[in-house]
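K.L.:
no sequence for this one, just the structure:
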C-alpha cells in the first residue's frame, strides 16, 4: 500500500520553513529538521577530521578503542549515518595508507563501533540507533572477509540466573559512576516515576551498558580488545549526551563518572595506563568535550556546499 504523495512529502519535508527573524533584519531562522538525515560532509573533510583526532590521541597515549568510542557515540547522537560510514571506512585502513588492516583488526574495530552504537539505545533513542547500526552493518557487509568473521551470537538473550547477574552488575556500575549520590539519585528517579530508576538501573545499566562478559562469568582482565569496558562506558555516555545537547546536568554527572574510572585500569602496565590516566583527569575530560565539539562542528555544522550530494533516489 503506497502513501499518498502529499502525506509522503509531509513526512520527509522540514517541519517548518526557513523564515526571516522577526527581531533581527539580517538574520534568517533555519528550517526545521526533515524526516531524513542530512547528507554527510565531503569525504576529504571527514578524513582530515579523523586523521587529526587519531594523531592527537596517539600523541597523548590514547588507544584506538577510546578515541573511536568517542567518535562513534558522537556520530550516533548526530544521526549522521553517512559520516559514521566514512569513519568506518577510514579506520579500516592503515594510517596514511590505502591498504586495509589485517582482518583481525578490522573485526575488532567493527565490533567496537557496533557495541558502542548499541549502548546508544539508552542515550539517543531506538530509531536513531537502529538506522545507524544498519548503516554501519552495510559497510561491514561490503568487506566479505570481515563480515564472515564478525560474532553473530547474541549476548543479551539471558536466562533467569543471568538476568539476576546482569542486574547486579548494572547496579554496581551505577554505584561506581555515581558513588555517594547513587542512592539519592535513585530516589529522585523514583519520585519522577516509580519505574524510572528500576528501568534505568536494572535494564539499561544492567544488560545494556555493563559489559556482557561480567554477567557471563568473565572478569574485566579477560575482555576482548573491542569490549566497551568501564572507561569506554563513560566515554560513550559523555559523547552521546554532549553531542545531542540540552542535557548538561547528565553530561556533568558522567564527567564525574569518567574521573572515577581509574580503579578499572589500575591493573594494566604503566605504558598502557598513560592515555587512560589522561582521559580520567580533568584535562582529559576537557579534551573529550573539545573533541566532541570539533566533530559536531564538522559533521553538524558543515554548510550545504561542503556536503556530499545525495543520490537522486534519496531526494524528495
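P.N.:
On my side now, so go ahead. Every value quoted in this text rests on a predicted model; they were computed, and no experiment measured them. Numbering: from 1, shown residues only.

K.L.:
for the nearest residue to residue 116 once chain neighbours are set aside, phi and psi?
P.N.:
Using C-beta to C-beta, 6 or more residues apart in numbering and skipping residues adjacent in sequence, the residue nearest residue 116 is residue 72, 4.4 Å away. (Glycine included, C-beta is placed from N, CA and C.) Backbone torsions for residue 72, taken as degrees, to the nearest 10, come to phi -60, psi -50.

K.L.:
same thing with residue 93?
P.N.:
Torsion angles, degrees, to the nearest 10, at residue 93: phi -100, psi 160.

K.L.:
give me the pLDDT for the residue nearest to residue 116.
P.N.:
Residue 72 is assigned 99 on the pLDDT scale.

K.L.:
what's the spacing between it and residue 145?
P.N.:
22 Å (C-beta to C-beta, to the nearest Å).

K.L.:
who has more neighbours, those two?
P.N.:
Per other C-beta atoms under 10 Å, whichever of residue 72 and residue 145 has more neighbours is residue 72, with 30 against 11.

K.L.:
list the contacts of the more buried one.
P.N.:
Applying C-beta atoms under 8 Å, 6 or more residues apart in numbering to residue 72 gives the contacts 84, 87, 112, 113, 116, 117, 236, 239.

K.L.:
and which of these is nearest to residue 176?
P.N.:
residue 236 (14.9 Å; C-beta to C-beta).

K.L.:
which residue, other than its chain neighbours, is closest to the residue nearest to the spatial centre of the chain?
P.N.:
Centroid-nearest residue in the chain, with C-alpha atoms, centre = their mean: residue 73, separated by 1.3 Å. Of all residues not flanking residue 73 in the chain, residue 239 sits nearest, at 3.7 Å (C-beta to C-beta, 6+ apart).

K.L.:
which SSE is that neighbour in?
P.N.:
helix 230-244 (DSSP states H and E).

K.L.:
next SSE downstream of that helix?
P.N.:
The element immediately downstream of helix 230-244 (helix or strand, assigned by DSSP H and E) is helix 248-259.

K.L.:
any weak-confidence spans in the stretch 201-316 of the chain?
P.N.:
Applying pLDDT under 70 to the stretch 201-316 of the chain picks out residues 310-316.

K.L.:
what ranges do the helices span in it?
P.N.:
With helices called from DSSP state H, counting those that start in this stretch, the stretch 201-316 of the chain shows them at 230-244, 248-259, 270-279, 282-299.

K.L.:
winner for burial among those?
P.N.:
A comparison of the helices of the stretch 201-316 of the chain by mean neighbour count, using mean count of other C-beta atoms under 10 Å, puts helix 230-244 on top with a mean of 26.

K.L.:
which elements pack onto that helix?
P.N.:
Secondary-structure packing of helix 230-244 (3 or more C-beta pairs under 8 Å, 6 or more residues apart in numbering; DSSP states H and E): helix 64-78, helix 103-119, helix 121-124, helix 160-178, helix 248-259, helix 270-279, helix 282-299.

K.L.:
go with 10 Å
P.N.:
Applying 3 or more C-beta pairs under 10 Å, 6 or more residues apart in numbering; DSSP states H and E, one finds that helix 230-244 contacts helix 64-78, helix 103-119, helix 121-124, helix 126-142, helix 160-178, helix 248-259, helix 270-279, helix 282-299.

K.L.:
TSV please, covering those and showing distance to residue 29.
P.N.:
Output for the helices and strands packed on helix 230-244, formatted as TSV (distance: least, C-beta to C-beta, whole Å):
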stretch	distance to residue 29
helix 64-78	21
helix 103-119	32
helix 121-124	25
helix 126-142	24
helix 160-178	39
helix 248-259	24
helix 270-279	38
helix 282-299	20
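
K.L.:
number of nearby residues for residue 47?
P.N.:
Neighbourhood size, residue 47 [other C-beta under 10 Å]: 15.

K.L.:
ignoring the adjacent residues along the chain, who's closest to it?
P.N.:
residue 90 (5.8 Å).

K.L.:
do you know the pLDDT at the one you found?
P.N.:
For residue 90, pLDDT reads 97.

K.L.:
from memory it sits against residue 45, does it?
P.N.:
No - at 11.8 Å, residue 90 does not count as touching residue 45 under the criterion of C-beta atoms under 10 Å.

K.L.:
ok, back up a step: between the contacts of residue 72, which sits nearest residue 11?
P.N.:
residue 84 (22.9 Å).

K.L.:
is residue 14 in a helix, a strand, or coil?
P.N.:
The three-state assignment at residue 14 reads coil, by DSSP: H, G, I helix; E, B strand; the rest coil.

K.L.:
leaving out sequence neighbours, find the closest residue to it.
P.N.:
Closest residue to residue 14 apart from its sequence neighbours, by C-beta to C-beta, 6+ apart: residue 31 at 4.0 Å.

K.L.:
next, count neighbours for that neighbour.
P.N.:
Other residues close to residue 31 by other C-beta under 10 Å number 13.
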